[in-house]
Every structure is written in structure tokens, then in C-alpha cells.
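Trainee: quick one, structure for this:
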Amino acid sequence: MTKIINPEDIRSVMPFRLNKKHRPILLFLCLLLLSIPGCKEGKAPEKSAVQENATQIVRRPGCQGCHPSVRLDTNHNFACTDCHGGNTEGATQDQAHVGLIAQPAHPDQMQKGCGDCHGSQVASAAASPHFTLHNEINTVRSAFGAQAPLATLREIPAHETIISPLNLVDDLLRRRCLNCHVYNPGDGYPETTRGTGCAACHLAYESGKMTGHGFSKSPADSQCLHCHYGNFVGADYHGRFEHDFNLEYRTPYRTDNTETRPYGVEFHQLAPDIHQQKGMACIDCHSGAELMGTHGGAAKKEKAVTCLSCHGWRKGLPLPLDNLHVEAEHLVLITRLGGKRLVVPRPVHPAHKQYEKKAHCTVCHSQWTFNDQGTHMLRTEHPEHPAWSRLVVQGSREVEAQLDNLPAEGPSLRDKITGKPTPGIWLKGYELRRWETPLIGVGTDGRLHIFRPILDLHLSVVDRDKKIVFDNLRVEPPHRRYLPYTPHTVGKAGAFYAERLKPNLPIEKQQ
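Mentor: Below is the predicted model of the structure:
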């Protein structure tokens with residue numbers, strides 16, 4: 001039975017005096033409340049479906065209903081489906097992901113994903129050394145018997161059976177060495193994970209995750225180091241020299257089980273390059289035109305900048321980089337990321353004029369160099385030998401996971417181009433890792449250069465029956481194992497620069 005509330009009863013509990021003119025309004029409100037279902041005596045209000053799920057977040061329509069944190073940069077602020085495909089009207093994940101392109105910047109997809117707007121850049125990138133890696137792969141393959149160069153890493157043959165040294169090198173490249181290329185998203189450590197294709201450089205990653213969906217025209221050094229880590233040019237620019245794999249070398253020792261290997265192996269912090277200390281990023285010297293292989297059209301190849309391009313510049317010569325300009329006859333560089341103004345110093349010491357044509361600048365100015373001698377690689381399906389227990393750190397997350405917990409079906413490695421796993425694992429160890437004494441020799445141009453033992457590789461194979469197939473294959477003669485390179489550890493030459501020059505110059509050039 002409906003109970004009628006008397007306004008006088010309400011008045012008795014009101015904290016203020018109820019004016020007579022308010023009574024009709026109050027009576028009307030009370031009658032209105034009584035007409036609502038659930039407000040009658042003895043019945044609780046019924047909860048609607050919306051009220052029942054009030055704590056649940058209502059999904060927005062479209063892609064951002066499930067991906068609310070994705071924010072695009074101003075140049076790419078268009079529908080997600082324009083690049084990724086899929087069905088924006090899908091009510092479930094399966095429906096929404098019909099036709100989805102997860103990695104539209106991947107080399108296999110970038111023509112469609114990026115090429116409509118960036119056609120010339122995509123075409124240039126596809127043929128650039130960063131995409132093909134033809135310099136690296138042909139250097140190694142030719143040392144082990146290859147007769148013809150390959151245009152791109154995709155042409156490296158895949159072999160079901162290893163019957164020759166070159167077969168072995170191909171397997172080494174495809175399954176162990178090619179973690180750092182744009183077809184592969186990285187090796188799984190916090191700072192070696194990245195995007196693929198165009199996104200490898202232009203999409204920011206940190207601690208193993210993409211930090212945003214904004215594409216950067218000017219990548220920071222952290223992007224470069226996702227590939228140029230370990231004892232490779234790039235890490236040295238920041239003063240990093242990777243520790244040895246042996247347990248006793250991997251200091252500092254830790255007792256809290258926390259991982260201090262963002263790049264796979266701990267590193268010594270040595271002196272960074274002077275350009276890095278002054279605030280210059282990688283892209284301040286290595287322009288996009290150089291890295292992508294062209295400048296001003298496909299027919300014109302960009303010439304890589306050298307030390308003397310800037311420090312040997314004179315009035316009347318073309319500017320070697322577009323972030324340089326002239327002020328009062330001095331060359332001035334404006335850093336691309338921070339806008340810092342740096343005056344480019346000229347070489348004024350008499351030794352420059354004396355040795356400029358006899359030695360590369362880094363012979364005197366390198367503070368330290370990469371000198372990893374005796375790199376031993378073993379392909380095996382039986383990594384349980386006790387000798388490897390001290391080398392459980394391998395600079396490869398994929399390898400380490402299997403050394404820690406050997407799969408019942410035996411170890412395997414993914415093909416870093418196709419992603420397909422095949423039996424057998426590649427293990428690595430070094431005879432000697434040093435940085436303090438540069439190796440100096442004469443290059444093909446007749447000048448002194450810093451060398452490193454890039455091809456000092458020792459390759460062995462143990463098959464599934466534990467039979468040794470190849471034992472200690474290496475490049476002969478030994479001097480072919482050393483190649484010139486440009487260490488990015490530049491600093492002041494110091495007082496003993498002549499000790500690097502005179503003992504190594506040919507006798508007729510020492511005068």
C-alpha cells in the first residue's frame with residue numbers, strides 16, 4: 001500500500017523554516033518520486049544492466065577502444081586502418097583484426113604501408129646498406145670462398161645440410177649473426193628490441209617496448225644503439241666496450257639476481273668520443289641521405305662524411321652537411337636534436353700537415369679501439385658440455401634461454417630472415433678482448449689505418465651424432481683476418497702520437 005508523505009512531517013525534520021509558498025512544489029516532488037518504480041514501500045530499486053556494469057570501462061568504438069594509449073604524430077594523424085588494415089567496425093578482436101598488418105613498416109610491407117606517401121624514401125631505403133647489409137655479408141662470405149657478391153641478405157642461401165665452409169658461413173649469418181637488420185625485431189634484451197623496416201630507426205623503443213606511435217624524422221642515439229651495440233661502431237661512440245663472456249670477467253658481481261644487461265652483456269664504461277661529449281648525435285655526421293644511400297635522387301650517391309670533410313674545410317669548398325654554415329670564415333655546426341652551436345676546429349698542429357697523406361686521422365686520435373681476437377663459433381646440437389657452463393652469457397637471449405633450460409627436442413635457432421627455427425645452436429667465445437693497444441697497419445690506399453680482427457673467425461661443427469664435421473675453419477693467411485675500420489673514439493692525440501706513426505710507416509715514408 002502506498003504511503004502518502006505529509007509535508008508537515010518533512011517540515012519537522014527540515015533544518016530551516018519551510019515557507020508556505022514552497023509547500024505545493026515540495027508536494028509535487030514527493031508525488032513524482034512515489035510514481036517511480038522501486039520507490040514504493042517494501043521494494044528495493046531494480047538495477048539496470050548499465051548500473052550492474054557501472055564499474056566496467058565502456059569500450060570506445062574503433063581501434064582506440066582497445067588501444068586507448070596509442071597517439072600518432074601530427075604527420076601521421078589518420079585512421080589506423082590506413083596503415084594497419086583490419087576492420088574498425090569489428091566487435092571482437094578476431095573481427096577487428098581481419099586483414100590486419102601488424103608491421104606495416106616491415107620491408108615486406110613498407111611499399112604499401114609507407115610507400116604511398118614516402119615513395120622515393122622507401123625505394124632508396126630498400127637499396128641502402130642498412131637494408132641490404134651487402135658490405136657485411138659479402139666481406140664474410142668472400143673470406144670463406146664465395147665467388148660472387150650478393151645484392152642483399154635475402155639472397156644468402158639456406159642449407160639443409162652443411163657440406164662446405166661456405167654453407168657453414170651462410171648458416172652462421174642467417175641464424176646467429178643477423179639479429180641486427182631491419183627484417184628482425186631484435187634479440188629480446190631490453191635495449192635490443194626495436195621495430196622493423198622504417199620503424200627500426202623512426203619509431204622509439206625503450207626497455208623492450210614501443211614508447212609511442214609518433215614517427216621521428218631525426219632518431220636519437222638510443223635508436224641507433226638498438227643495433228649498434230656490443231663491440232661495434234656506435235657503442236664506442238658512447239664509450240662502451242663489452243665484457244668477455246667468461247663468468248669471472250662479467251663484473252660487477254651481483255647478489256640480488258637483478259639483470260644489468262640491457263644490451264646482452266655488461267660493458268666497461270670507457271671514454272666517449274669527443275663529438276659525443278660535445279653534444280653531437282649520430283645523425284649530426286651521418287645524415288639521412290647517407291644512411292639511406294641517396295641524396296638528390298637515386299642517380300646521385302651520397303658521399304660519406306670524413307674527418308677532413310669538416311675539419312679540413314676551406315672557404316670556397318661545398319659544405320659537407322646541411323647542418324653546417326659559415327660564420328666569419330669559420331665552419332659552425334648546429335646539432336640536429338638540441339640545436340647546439342659548435343664551432344668546427346681546424347687542424348693547426350704541424351703534425352697534420354706532415355702526416356695527413358700518410359695516416360688516417362684516427363691513427364693518432366683514437367683513444368681506444370675494438371680488438372676482439374680469436375672469435376670461436378661452434379655449431380652443435382649438444383651444448384651440455386661442461387666447458388660451456390662458464391659461458392652461459394652469449395650476447396643472444398635466444399641462445400641463453402636454451403643453455404639455461406635445454407629443450408627436450410634439442411636446441412634450435414630461428415632463421416633471422418624468415419623466422420623459421422631449425423635444429424642446432426651456435427655458441428660463441430673469445431680468445432682475447434682488449435681495447436688499450438690500437439692495431440695499426442697499411443690500408444689499400446697506402447695510408448696507415450686502425451685495424452681490427454673482424455675476420456679472425458674460427459668455425460667448428462659437431463653434428464647430431466657428436467661427430468666433428470668441421471674443426472677450426474679459419475681465414476688464411478692470418479693477415480687477411482684483419483681489416484681497417486674507423487673507431488668512433490676520437491679525442492686529443494696526446495703526447496705520444498708519434499709512437500703510433502713512425503714504427504708503422506714504410507721506411508721510405510718516415511722522412
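
Trainee: give me the residues contacting stretch 346-366.
Mentor: Applying Cβ atoms under 8 Å, 6 or more residues apart in numbering, the set of residues contacting stretch 346-366 from outside is 307-308, 311-312, 438, 440, 443, 447-450, 484, 486-487, 489-493, 497-498, 500-501, 505, 509. C-beta: built from backbone N, CA, C; applies to glycine.

Trainee: pull out the buried members of the residues you listed.
Mentor: Neighbour counting by 16 or more other Cβ atoms under 10 Å classes 312, 438, 440, 447-450, 484, 486-487, 489-490, 493, 497, 500-501, 505, 509 among those as buried.

Trainee: which of these fall in helices?
Mentor: 500-501 (DSSP state H).

Trainee: of the buried ones among the contacts of stretch 346-366, which belong to strands?
Mentor: Using DSSP state E, the members of those that fall in strands are 440, 448-450, 484.

Trainee: burial count for residue 217?
Mentor: Using other Cβ atoms under 10 Å, residue 217 has 10 neighbouring residues.

Trainee: got the contact list for residue 246?
Mentor: 390-391, 429.

Trainee: now residue 142
Mentor: Residue 142 neighbours (Cβ under 8 Å, 6+ apart): residue 149.

Trainee: which SS class is the residue nearest to residue 184 when sequence neighbours are not counted?
Mentor: Distances taken as Cβ to Cβ, 6 or more residues apart in numbering put residue 416 closest to residue 184, at 4.9 Å, once the chain neighbours are dropped. Judged by DSSP: H, G, I helix; E, B strand; the rest coil, the three-state class of residue 416 is coil.

Trainee: please look at residue 416 and residue 181 and confirm they touch.
Mentor: Yes: here residue 416 reaches residue 181: they are 7.2 Å apart, a contact under Cβ atoms under 8 Å.

Trainee: residue 255: which of the ones in strands among the buried ones among the contacts of stretch 346-366 is nearest?
Mentor: Set against residue 255, the nearest of these by Cβ to Cβ is residue 450 (39.3 Å).

Trainee: tabulate the ones in strands among the buried ones among the contacts of stretch 346-366 (JSON lines), appending pLDDT.
Mentor: Below are those laid out as JSON lines (pLDDT from 0 to 100):
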{"residue": "440", "pLDDT": "96"}
{"residue": "448", "pLDDT": "97"}
{"residue": "449", "pLDDT": "97"}
{"residue": "450", "pLDDT": "97"}
{"residue": "484", "pLDDT": "97"}
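
Trainee: about what we covered before: restricted to helices, list the contacts of residue 246.
Mentor: Per DSSP H, the subset of those in helices is empty.

Trainee: just the buried ones from those?
Mentor: For the contacts of residue 246, buried by 16+ other Cβ under 10 Å: 391, 429.

Trainee: redo the contacts of residue 246 as TSV? Include distance to residue 462.
Mentor: Output for those, formatted as TSV (distance: Cβ to Cβ, whole Å):
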residue	distance to residue 462
390	19
391	16
429	15
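
Trainee: which single one of the contacts of residue 246 is nearest to residue 404?
Mentor: Once Cβ to Cβ is applied, the member of the contacts of residue 246 that ends up nearest residue 404 is residue 391, at 12.3 Å.

Trainee: if we can go back for a sec, which ones are touching the residue nearest to residue 184?
Mentor: So residue 416 contacts 174-179, 181, 183-184 (Cβ under 8 Å, 6+ apart).

Trainee: distance check, it against residue 400.
Mentor: Distance check for residue 416 against residue 400: by Cβ to Cβ, to the nearest Å, it reads 16 Å.

Trainee: re earlier: the contacts of residue 246 in strands, which ones?
Mentor: Reading strands off these with DSSP E, I get residue 429.

Trainee: so who does the closest residue to residue 262 other than its chain neighbours touch?
Mentor: Using Cβ to Cβ, 6+ apart and skipping residues adjacent in sequence, the residue nearest residue 262 is residue 191, 4.1 Å away. By Cβ under 8 Å, 6+ apart, the residues touching residue 191 are 206-208, 222, 225-226, 229, 262-263.

Trainee: helix, strand or coil: sort out residue 191 for me.
Mentor: With three-state DSSP as the criterion, residue 191 reads coil.

Trainee: show me where the stretch 301-450 of the chain has its helices.
Mentor: Assigned by DSSP state H, counting those that start in this stretch, the helices in the stretch 301-450 of the chain fall at 307-311, 350-355, 361-365, 397-404.

Trainee: now those as a markdown table including mean pLDDT?
Mentor: What follows is these, written out as a markdown table (pLDDT from 0 to 100):
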| stretch | mean pLDDT |
| --- | --- |
| helix 307-311 | 94 |
| helix 350-355 | 94 |
| helix 361-365 | 97 |
| helix 397-404 | 91 |
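
Trainee: could you dump these into TSV and include distance to residue 108?
Mentor: Shown next, in TSV, are the helices of the stretch 301-450 of the chain (distance: least, Cβ to Cβ, whole Å):
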stretch	distance to residue 108
helix 307-311	36
helix 350-355	48
helix 361-365	38
helix 397-404	22
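
Trainee: show me where pLDDT drops low in the stretch 51-200 of the chain?
Mentor: 51-61 (pLDDT under 70).

Trainee: and this protein, what are its domain boundaries?
Mentor: 7-52, 69-102, 122-277, 363-381+424-509 (automatic domain parsing).

Trainee: what's the spacing between the last one and its chain's center?
Mentor: Which is domain 363-381+424-509. Relative to its chain's centre, domain 363-381+424-509 lies at 24 Å (Cα atoms, centre = their mean, to the nearest Å).

Trainee: what do you get for the second one?
Mentor: The chain centroid and the centroid of domain 69-102 are separated by 25 Å under Cα atoms, centre = their mean.

Trainee: what of the longest one?
Mentor: On the basis of Cα atoms, centre = their mean, domain 122-277 sits 7 Å off its chain's mean C-alpha point.
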